[in-house]
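J.: take a look and give me a structure for this.
(one chain, ligands or ions: 3)
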Amino acid sequence: MASSDSDSQLKIVHGDAGYILEDVPHFTDYILNLPTYPNPLRSNPAYSVAKQYFVHMDDTVPQKVVVHKNSLRGVHFRRAGPRQKVYFRSDDVHACIVTCGGLCPGLNTVIREIVCGLSYMYGVNKVLGIDGGYRGFYSKNTINLTPKVVNDIHKRGGTILGTSRGGHDTGKIVDSIQDRGINQVYIIGGDGTQRGAAVIYEEVRRRGLKVAIAGIPKTIDNDIPVIDKSFGFDTAVEEAQRAINAAHVESESIENGIGVVKLMGRYSGFIAMYATLASRDVDCCLIPESPFYLEGKGGLFEFIEKRLKENGHMVIVIAEGAGQNLLTESMQAMDQKDASGNKLLQDVGLWISHKIKDHFARKDKIAINLKYIDPTYMIRAIPSNASDNVYCTLLAQSAVHGAMAGYSGFTVGLVNGRHTYIPFNRITERQNKVVITDRMWARLLSSTNQPSFLSPKDLDEAKKAEQPPSELIEGSNCNDIGEAGEKENNFPHLLHGDNFKEEQQSENHADNSIRQ
Ligand SMILES: Nc1ncnc2c1ncn2[C@@H]1O[C@H](COP(=O)(O)OP(=O)(O)O)[C@@H](O)[C@H]1O
Ligand SMILES: O=P(O)(O)OC[C@H]1O[C@](O)(COP(=O)(O)O)[C@@H](O)[C@@H]1O
Ligand SMILES: [Mg+2]
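T.: Ligands and ions are numbered 1, 2, ... in the order given. Below you'll find the predicted structure:
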């Protein structure tokens, strides 16, 4: 390692050949002479047989795995997992768990596996549940969590601890942590929650407390950057199929039937995009990242007429954050926010359904039959599916291993299929969005054969909004070379005109968290 610069949350280590480790804080950064203890897993019969069960202290995971011959090694994150030494004696651990923000399938599984991981792997028996999100630290009684209490909770949707928006008072939260003698805090929540966790960590550190702050990222929208995908996302995509199916059955059964399905996705259209790709029954998918318009040539109404003429029915999937600019144009602008400061959205599904009905009610237009389905909260409230359950288990165990090993101020996350510890700032600095100049959106457009609704100006703006090209691959990484060795034009559907420049395509898939 050549050099290292760090402040409380930024610990960047540079190595040879452009290697960068964006490390997470550790107790030893601000507390001197801490004793360590052998990891109790060493004598655990289940784990002691596993060869190389403990993670090597130098193991790190690259953020980008697509490299060229002369690529720099680029950004890495510390690999998650059990360490040989721990910084807590089992009897001394007093942990707590809190869930904040919107619901997401898998919350109860994460809670269960933190409790069971602490108990079965580390012999920790003092675990408290904080009731009702951040404000529960200072305004409610706690709940005792034991393996017995949490035994069946993964079969239920929601969170047994309750959740809330708003109510983050850093001083009061850290006072409560200190007063109760809590020394490990597991915080499950989305981008807002992780921002809250970051300031709690700062305050804990300012007070010099030996308290581990571990985040577990939760977002049904999959809008958290860096990580491969968020837990509950697969479950949501799977459950969305039922609504899309219903819309398809309804629309197919009647002349000129149109099924409209609204799915979640405040700023990121991942659920809508993946549910559409999975279903194959969807004719048009509208997401916040891709602007669209209704009237005139190339607009949505023209496409609906065309599809109804061709097929006699159609299904439209719309993410809740799509077309919000059109809504505010046609409705009275609403600038309401929820208690956490998130913009409250208007119901785009209802709005678009009315617009389509109004359009086709005009003279000389065909008579349509439109059914609007809003399954959003039904999807969010179900328990996680099998693969999300396994994912939640590994995230929970990674968090427990990290806290026991003395790390703090980190979020756990899957990066290129490996579990890692990621500094809070990387999780909160921006939102993960569908990149509409990327291959996945091109695949969607070609599978639905919908118009892109993009003018060359929109396309230009989309390109400008893209993440900067990877520092990992210098120079020509903007040119995407296809399998046959030729440059692919991945975006033929995006264009109204022919002024598209292939070299403008950016290969920033690693930022587009779901791998392609
Ligand atoms: N910048 C911030 N600083 C401190 N706390 C925050 C911040 N943003 C959000 N929070 C808190 O995090 C919790 C969850 O945030 P919210 O945006 O509702 O959900 P999510 O975490 O799912 O994005 C709320 O209690 C909110 O007050
Ligand atoms: O639960 P609420 O307050 O109605 O909020 C709904 C919002 O919550 C979400 O499901 C998830 O948002 P968060 O990850 O920020 O909690 C969004 O898709 C949706 O817009
Ligand atoms: Mg959020």
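
J.: only C-alpha atoms for contact and neighbour calcs from this point on.
T.: Will do.

J.: how long is stretch 227-241 from one end to the other?
T.: From its first residue to its last, stretch 227-241 covers 24 Å (Cα to Cα, to the nearest Å).

J.: could you give the number of residues near the closest residue to G417 other than its chain neighbours?
T.: Once flanking residues are discounted, G417 sits nearest to D228: 7.2 Å by Cα to Cα, 6 or more residues apart in numbering. Applying other Cα atoms under 10 Å, we find 22 residues neighbouring D228.

J.: the one 5 residues further on now?
T.: The tally of other residues near F233 (other Cα under 10 Å) stands at 25.

J.: name the nearest residue to it, ignoring sequence neighbours.
T.: Spatial nearest neighbour of F233, chain neighbours left out: I220 (5.3 Å); criterion: Cα to Cα, 6+ apart.

J.: pLDDT score for that neighbour?
T.: With respect to pLDDT, I220 scores 95.

J.: tell me the secondary structure at it.
T.: Look at I220: counting by DSSP: H, G, I helix; E, B strand; the rest coil, its state is coil.

J.: hmm, T235 and it touching each other?
T.: No: at 9.1 Å, I220 does not count as touching T235 under the criterion of Cα atoms under 8 Å.

J.: of the two, which one has the most company?
T.: Shown here are I220 and T235; by other Cα under 10 Å, I220 has more neighbours (27 against 23).

J.: measure the spatially most central residue of the chain to K433 for me?
T.: The centre of the chain sits closest to N222, judged by Cα atoms, centre = their mean, with a distance of 2.8 Å. Per Cα to Cα, N222 is found 8 Å from K433.

J.: what do you get for M378?
T.: Per Cα to Cα, M378 is found 23 Å from K433.

J.: higher neighbour count, the two?
T.: When M378 and K433 are compared for neighbours, K433 comes out ahead with 22 against 13, by other Cα under 10 Å.

J.: so the more buried one: helix, strand or coil?
T.: Here K433 takes the coil state, with states given by three-state DSSP.

J.: and if you look at I188?
T.: Assignment for I188 (three-state DSSP): strand.

J.: and it, what's its pLDDT?
T.: 98.

J.: again, but for the one 4 residues further on
T.: Model confidence at G192, expressed as pLDDT, equals 96.

J.: in this structure it contacts G341, no?
T.: No: the criterion here is Cα under 8 Å, and G192 misses it with G341 at 9.0 Å.

J.: of the two, which one has the most company?
T.: The neighbour comparison of G192 against G341 (other Cα under 10 Å) goes to G192, with 17 against 11.

J.: tell me which helix or strand comes right after the helix or strand where that one lies.
T.: Assigned by DSSP states H and E, G192 falls within helix 191-206. Per DSSP H and E, the first helix or strand lying C-terminal to helix 191-206 is strand 212-217.

J.: for that following strand, which strands pair with it and how are they oriented?
T.: When pairing is defined by DSSP bridges, strand 212-217 lines up against strand 184-189 (parallel), strand 410-415 (parallel).

J.: deepest-packed of those strands, please.
T.: Among these, strand 410-415 has the highest mean neighbour count (mean count of other Cα atoms under 10 Å), at a mean of 28.

J.: could you point out which element follows it?
T.: strand 418-423.

J.: for Y293, which non-adjacent residue is closest in space?
T.: Closest residue to Y293 apart from its sequence neighbours, by Cα to Cα, 6+ apart: G299 at 5.3 Å.

J.: still on that earlier bit, residues in contact with the helix holding G192?
T.: Under the contact criterion Cα atoms under 8 Å, 6 or more residues apart in numbering, helix 191-206 has outside partners 8, 30, 100-101, 168, 170-171, 173-174, 187, 210-211, 213-215, 217, 219, 224, 340, 408-409, 411, 424-425, 427-428.

J.: which of these count as buried?
T.: Those of those that meet the buried threshold are 100-101, 168, 170, 173-174, 187, 210-211, 213-215, 217, 219, 224, 408-409, 411, 424-425, 427-428, by 16 or more other Cα atoms under 10 Å.

J.: coming back round to it: overlap of the contact sets of I220 and T235?
T.: With Cα under 8 Å, 6+ apart, I220 and T235 have common neighbours P105.

J.: spell out which parts of the stretch 151-300 of the chain neighbour ligand 2.
T.: Applying Cα under 6 Å from any ligand atom, we find that the stretch 151-300 of the chain lies next to ligand 2 at G190, T219, I220, D221, M264, G265, R266.

J.: list the buried ones in stretch 64-73?
T.: Buried residues in stretch 64-73, defined by neighbour count with 16+ other Cα under 10 Å: K64, S71, L72, R73.

J.: with respect to P105, which of those is nearest?
T.: Distance to P105, by Cα to Cα, is smallest for K64 among the buried residues of stretch 64-73, at 28.1 Å.
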